[in-house]
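Q: Pasting a predicted model and its sequence here:
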Amino acid sequence: MKLYLSYFSFLLICLSFLTCTNISSEKNHSKTTNLIPVILDTDANNELDDQHAIAYMLFNSEIFDVKGITVNETYSGKELQMHVEEANRVVNLCNWKDKVPVIPGASGDYHEIVETLNQPEFDGHEAVNFIIEKARETSGSKLVLLSIGKLTNIALALAKAPDIASKVKVIWLGSNWPEPGEYNLENDTTSISPLLENTDLELEILTVRYTKSTGTAAVSVSVEEIRKTMAGLGPKVDPIPGRHGGSFNCFGDYSIELFVKYGEDTRPLFDVCALAVLKNPSWAEKVLVKGVSFDGKNWGEAGDIERTIVFWENFDKKSIIEDFFVTMQNSKHSFK
């Protein structure tokens, strides 16, 4: 009888172990499959917010499944290669070297390039082909194409491969909608209309609105805050030369350098907002608008296309900045 009970107890222990193992496995699988697949499209050498957006994305690896970083050229960041170098610099400072590809994209505008898409090496072909490849590979959740520069690479990918429109969601930080202007928009005014007219495409736009409290321009931090918070943060890496000289072994110290060299007391973290709202949509308000059009300068709301565009505004500065700093403080443990 004692032997039978011992054997029965052993079976119960084994069953309990297998059950726990299966539950743990299911939880780990769920965690992996629930990540948001994303390609970040950036003009990394422009100012300083792109760099912080890249770091914030990489250090949120429990949220984002980063497929790659594609790069475009905008006029304040000089030639394309400098944008590529800056993106790689931040990736390396975050200890993600060889873990995420950085792919060069377009230098010119959409209307200049779209007629050359049948050529093997059109302007931006590497980034465009990468976007198409990853979109076609994605199953389940849509691949998020998150643009924090001009929309050229993404518009070209959709023009070359219309089938990917239903497989992706485009989130763009750009425009002062409903008012004209804004840097990302003005760098290629021809790239937005093809996306507005694509009824198969899910499109969201984060407003900038430089002089108002309702856009991403309001989500700003001071040099003093950056000095106090960012020093020494991030995994330590071999020293990497900075954009302005010197060398750095962590992203936190490079962050301070970027803010100091920019020469302003405060500076918005525009681009971080795009990833923050993707991470937590409650950190902004969304406005659903139909019939959105753009004539090359001005926005309209009486277009022929009856589809809904999401515009984001009224960003929760406190929550976004707090989460950014917490992410940076936890960054030693958040990379792959």
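A: Yep, that arrived.
Q: alpha carbons only for contacts and neighbour counts from here, please
A: Noted.
Q: So for the closest residue to residue 233 other than its chain neighbours, what's the pLDDT?
A: Once flanking residues are discounted, residue 233 sits nearest to residue 252: 4.5 Å by Cα to Cα, 6 or more residues apart in numbering. Per-residue confidence at residue 252 stands at 98 (pLDDT).
Q: Now do the helix or strand residue 252 falls within: which elements does it pack against?
A: Taking DSSP states H and E as the criterion, the element that holds residue 252 is helix 251-262. Secondary-structure packing of helix 251-262 (3 or more Cα pairs under 8 Å, 6 or more residues apart in numbering; DSSP states H and E): helix 223-230.
Q: distance between the helix it packs on and the chain's centre?
A: 23 Å (Cα atoms, centre = their mean, to the nearest Å).
Q: Quick check: buried residues in that helix?
A: Neighbour counts over helix 223-230 (16 or more other Cα atoms under 10 Å) mark 223, 226, 227, 229, 230 as buried.
Q: Residue ranges in the stretch 51-200 of the chain under the pLDDT threshold?
A: Counting by pLDDT under 70, the stretch 51-200 of the chain shows no low-confidence range.
Q: all strands for it, in order.
A: 64-71, 102-104, 143-147, 168-173 (DSSP state E, counting those that start in this stretch).
Q: circling back to that earlier point, quick check: the residue nearest to residue 233 vs residue 302, distance?
A: 46 Å (Cα to Cα, to the nearest Å).
Q: do the same with residue 288
A: 14 Å.
Q: Next: residue 131.
A: 31 Å.
Q: Please identify which of these two sits among more neighbours.
A: residue 131 (29 against 11; other Cα atoms under 10 Å).
Q: residue contacts, the nearest residue to the more buried one once chain neighbours are set aside?
A: Sequence neighbours aside, residue 157 is the residue nearest to residue 131 in space, at 6.6 Å (criterion: Cα to Cα, 6+ apart). Shown in contact with residue 157 (Cα atoms under 8 Å, 6 or more residues apart in numbering): 128, 129, 131, 132.
Q: Now name the helix or strand holding the most centrally placed residue in the chain.
A: Nearest to the geometric centre of the chain sits residue 40, at 4.0 Å (Cα atoms, centre = their mean). Using DSSP H and E, residue 40 falls within strand 36-42.
Q: Buried residues, that strand. List them.
A: Buried residues in strand 36-42, counted by 16+ other Cα under 10 Å: 36, 37, 38, 39, 40, 41, 42.
Q: My guess is residue 132 contacts residue 161. True?
A: Yes - counting by Cα atoms under 8 Å, residue 161 is a contact partner of residue 132 at 6.8 Å.
Q: ok, back up a step: from the buried residues of helix 223-230, pick the one nearest residue 85.
A: residue 230 (22.3 Å; Cα to Cα).
Q: Pretty sure the closest one sits against residue 328.
A: Yes - using Cα under 8 Å, residue 230 makes contact with residue 328 at a distance of 7.4 Å.
Q: Which neighbours do those two have in common?
A: By Cα under 8 Å, 6+ apart, the residues touching both residue 230 and residue 328 are residue 252.
Q: before we move on, back to that, what's the burial count for the residue nearest to residue 233?
A: 26.
Q: Over to the one 5 residues further on?
A: Burial of residue 257, expressed as a neighbour count using other Cα under 10 Å, amounts to 21.
Q: Could you tell me how far it is located from residue 139?
A: 40 Å.
Q: same question, residue 189
A: For residue 189, the distance to residue 139 equals 32 Å [Cα to Cα].
Q: go on, residue 156?
A: For residue 156 relative to residue 139 (Cα to Cα), the value is 22 Å.
Q: For the nearest residue to residue 82 once chain neighbours are set aside, give its distance to residue 242.
A: Distances taken as Cα to Cα, 6+ apart put residue 45 closest to residue 82, at 6.3 Å, once the chain neighbours are dropped. Distance of residue 45 to residue 242, given as Cα to Cα: 12 Å.
Q: just residue 129 next, same as before
A: Separation of residue 129 from residue 242 (Cα to Cα) stands at 30 Å.
Q: mind listing what residue 76 touches?
A: Taking Cα under 8 Å, 6+ apart, one finds 46, 47 in contact with residue 76.
Q: Start at 125, not 1
A: OK, 125 is where the count begins now, so the last one is residue 200.
Q: Residue 213 contacts residue 362, doesn't it?
A: No - counting by Cα under 8 Å, no contact exists between residue 213 and residue 362, whose distance comes to 11.7 Å.
Q: neighbour-wise, which of these two wins?
A: residue 213 (22 against 11).
Q: hang on, the earlier thing: counting neighbours, go ahead and name the busier of residue 169 and residue 366.
A: Neighbours were counted for residue 169 and for residue 366 using other Cα under 10 Å; residue 169 has more, 26 against 17.
Q: got a list of what that one touches?
A: 201, 202, 206, 207, 208, 210, 211.
Q: Which members of these are the farthest-apart pair?
A: Between all members of the contacts of residue 169, the farthest pair (by Cα to Cα) comes out as 202 and 211, at 13.7 Å.
Q: Which of these two has more residues huddled nearby?
A: residue 211 (25 against 13).
Q: how about the helices in the stretch 225-374 of the chain?
A: In the stretch 225-374 of the chain, helices defined by DSSP state H, counting those that start in this stretch lie at 234-237, 249-261, 276-284, 307-310, 317-320, 347-354, listed in chain order.
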